[in-house]
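>>> I need the structure of the sequence given here:
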Amino acid sequence: MKNQTILHLLQLQAITATYFSELCHMYREYFSKVVKAQGAPNLNADQFIRYQNIIAIDYFIGTIKAIGVSHSLFQHVSKAERTLKRLTKELEPEELLKEMIELSV
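From the prediction side, this is the model:
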């Protein structure tokens with residue numbers, strides 16, 4: 001019974017993680033398009049670090065999921081996803097970048 005509960009929890013987390021991974025991909029894709037079209041955004045040091053952390057954490061999550069989330073890596077991915085949610089406030093990519101630029105003025 002305990003193994004079934006753990007397996008069910010892992011499956012639910014995988015579904016949630018898959019959705020969040022798609023959202024993360026939206027940030028990466030949007031940021032890339034903006035940089036290609038308009039150049040790098042003018043961010044202060046704090047917002048630039050936030051911007052870079054979003055990209056780095058997204059890369060980490062994507063890489064781990066590409067190789068498969070084992071039970072031993074599950075907690076690391078979950079922690080990274082919580083950090084990413086905190087950094088992005090789960091805003092749409094356009095809203096997030098706009099907020100970061102406004103906070104840089």
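
>>> helix or strand right after the lowest-mean-pLDDT helix or strand in the chain?
Scoring the helices and strands of the chain by mean pLDDT, DSSP states H and E places helix 2-38 at the bottom, with a mean of 66. Using DSSP states H and E, the helix or strand that follows helix 2-38 towards the C-terminus is helix 45-67.

>>> quick one: list the elements packing against that following helix.
With contacts taken as 3 or more C-beta pairs under 8 Å, 6 or more residues apart in numbering; DSSP states H and E, helix 45-67 sits against helix 2-38, helix 71-88, helix 93-104. All C-beta spots, glycine's among them, are computed from the backbone N, C-alpha and C.

>>> by contact count, what packs against the second one?
To tie it back to what came earlier, the one meant is helix 71-88. helix 2-38, helix 45-67.

>>> try it again with 6 Å
Judged by 3 or more C-beta pairs under 6 Å, 6 or more residues apart in numbering; DSSP states H and E, the packing partners of helix 71-88 are helix 45-67.

>>> list the buried residues of the helix it packs on.
For helix 45-67, the neighbour count (16 or more other C-beta atoms under 10 Å) marks 47, 50, 51, 54, 57, 58, 60, 61, 64 as buried.

>>> what residues does it touch?
Contacting residues not belonging to helix 45-67 are listed as 24, 27, 28, 73, 77, 80, 83, 84, 87, 100, 103, 104 [C-beta atoms under 6 Å, 6 or more residues apart in numbering].
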